[in-house]
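# following is a predicted model, sequence given first.
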Amino acid sequence: KQEVTQIPAALSVPEGENLVLNCSFTDSAIYNLQWFRQDPGKGLTSLLLIQSSQREQTSGRLNASLDKSSGRSTLYIAASQPGDSATYLCAVNVPDNFNKFYFGSGTKLNVKP
Amino acid sequence: KAGVTQTPRYLIKTRGQQVTLSCSPISGHRSVSWYQQTPGQGLQFLFEYFSETQRNKGNFPGRFSGRQFSNSRSEMNVSTLELGDSALYLCASSLSLATNEQYFGPGTRLTVT
């Protein structure tokens, strides 16, 4: 069974700092890896989708990388802002059902002004 | 293009009752997945529907069921509610291609008293 782990569980940084969030998964046979953001009490907002054949994706200040062989992904946030404060979740889908995602427990990020 | 919508947004029920939640996917999306999110278990996959057929089901008791209509709208039903069913229920839609992103709705917050 696919298991997804995110480290650290919580992170507090001063505004302007660059930071890295980590995600690891146990089974390298994935279709996609998707990073999401969740604000308190709200739904999930898709940030980046990396297909299994890709190594990284970028969107604005966000860069996500994928190393399937080692079962790892990182989300890099440049020049963090207080508005980046949220919980960040990574999820992977599996060959037998690519619309079934396995989620990590998330990293709760607090960016201090 | 309108996003994924879920109704109702908040619901309070008592133990033993049943509840029906609704999800309208993004126009053109044919796959709808349901997830339960709790502080202790995180996000867990419930089931996925495509073209009115359930394609996959998570490890939840039979009290949890769902269906999809010809317009791709989906409902999930929970019968004989238990306190542990209190959670945020999220639905996600996708085009149902292996490389496509999941888009989540805002969720329905269910409280069982």
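All right, it came through fine.
# so where do the strands sit in the chain?
Because you didn't say which chain, this covers chain A. Along chain A, counting by DSSP state E, strands occupy A:4-7, A:10-14, A:19-25, A:32-38, A:44-51, A:56-59, A:62-67, A:72-77, A:86-94, A:97-103, A:107-112.
# right idea, wrong chain: chain B
So, for chain B - with DSSP E - the strands run B:5-7, B:10-13, B:19-24, B:31-38, B:42-50, B:53-57, B:64-68, B:74-78, B:87-94, B:103-104, B:108-112.
# closest one to A:N97 among the ones you listed?
Nearest to A:N97, of all those, is strand B:53-57, at 4.3 Å by CB to CB. The way it works is simple: take the backbone N, C-alpha and C, and place the C-beta from them, glycine included.
# strands paired with that closest one, and their directions?
strand B:42-50 (antiparallel) (DSSP bridges).
# quick one: distance of the partner strand to the chain centre.
7 Å (CA atoms, centre = their mean, to the nearest Å).
# excluding residues flanking it in the chain, which one is nearest B:S74?
Nearest non-adjacent residue to B:S74, counting by CB to CB, 6 or more residues apart in numbering or on different chains: B:V32, 4.1 Å away.
# list the contacts of that neighbour.
Neighbouring residues of B:V32 by CB atoms under 8 Å, 6 or more residues apart in numbering or on different chains: B:C23, B:P25, B:E48, B:Y49, B:F50, B:Q68, B:S72, B:R73, B:S74, B:C91, B:A92, B:S93.
# which residues of chain B score low on pLDDT?
B:1, B:96-99 (pLDDT under 70).
# mind listing the strands the helix or strand of chain A with the lowest mean pLDDT pairs with, and their directions?
Among the helices and strands of chain A, strand A:97-103 carries the lowest confidence by mean pLDDT, DSSP states H and E, at a mean of 84. Sheet pairing for strand A:97-103, assigned by DSSP bridges, gives strand A:86-94 (antiparallel).
# what does chain B have sitting close to chain A?
B:4, B:6, B:31, B:33, B:35, B:42-45, B:48, B:50, B:55-56, B:58, B:88, B:90, B:92, B:94, B:96, B:98-99, B:101-107, B:109 (CB under 8 Å from any CB of the partner chain).
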